[in-house]
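**Q** How does the following fold in three dimensions:
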Amino acid sequence: MSVRQKSIVLIGFMGVGKTTIGELIAKKLYRSFIDVDQEIEKDLNMTIPEIFEQHGEAFFRDYEKKKTCALAEQKLKVISIGGGAFLQPEIRETCLTNCIVFYLDVTWDEWKERLDLLIDSRPILQSRNIEEIEELFYKRQDAYSINHSKLTVNQRSAEEVADFIVDSLKHVWDMYEPRID
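**A** Purely as a prediction, here's the structure:
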């Protein structure tokens, strides 16, 4: 598959803006956008919290793996994956092999400001205190550090981040596969 055809995958901690930024990138590149969590909710006709509650995290992670790997093998998509998905080696390997993976990074202090907006919709955060959430935040950094490109999103609008990623992609595409006119 050519570099231009590879799907773009956005990874990072929950609430970093993967869906919002992914939608903007897809629009700018005339590609389809897929939020894996939304696709899972549609497939199972349940919210993520309901899936966790009724079937457990192990069931969710297995379904997430199958769904994410299948989508990552498609071309010309922009895909936002769940905050914990990239911890699974099979997802990580499939995405890194078949896609261009962007890590949207945010500092703990910046992310902490978003917590009130996220806590109710993220089952992994419920029943954890702030210290446990901080531990989870830092624990996931190792998995996220394996990527094709990292961008810190602190104090940047979703539009700025999307523009930066699109410009970067176009530059790389021209370097590796210049258009012949």
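**Q** Pretty sure residue 145 sits against residue 103.
**A** Yes - under the criterion of CB atoms under 8 Å, residue 145 makes contact with residue 103 at 7.3 Å. Every C-beta, even on glycine, is put in place using the N, C-alpha and C of the backbone.
**Q** which of these two has more neighbours?
**A** More crowded of residue 145 and residue 103, by other CB atoms under 10 Å: residue 103, with 23 against 10.
**Q** what does the helix or strand containing the more buried one rub up against?
**A** In this assignment (DSSP states H and E), residue 103 forms part of strand 99-105. Strand 99-105 is contacted from outside by 3, 6-12, 16-18, 21, 72, 79, 95, 144-145, 147-153, 161, 165, 169, using CB atoms under 8 Å, 6 or more residues apart in numbering.
**Q** in that strand, what's buried?
**A** Of the residues in strand 99-105, 99-105 count as buried by neighbour count, 16 or more other CB atoms under 10 Å.
**Q** residues touching the spatially closest residue to residue 73 that is not a sequence neighbour, list them.
**A** Spatial nearest neighbour of residue 73, excluding adjacent residues (CB to CB, 6 or more residues apart in numbering): residue 98 at 5.5 Å. By CB under 8 Å, 6+ apart, the residues touching residue 98 are 1, 6-7, 72-73.
**Q** hmm, back to that, now the strand holding residue 103: average pLDDT?
**A** On average, the pLDDT along strand 99-105 is 97.
**Q** In the helix or strand that it is followed by, which residues are buried?
**A** Using DSSP H and E, the helix or strand that follows strand 99-105 towards the C-terminus is helix 108-112. For helix 108-112, the neighbour count (16+ other CB under 10 Å) marks residue 111 as buried.
**Q** same check, this time on stretch 60-77
**A** 60, 63-65, 67-69, 71-72, 77.
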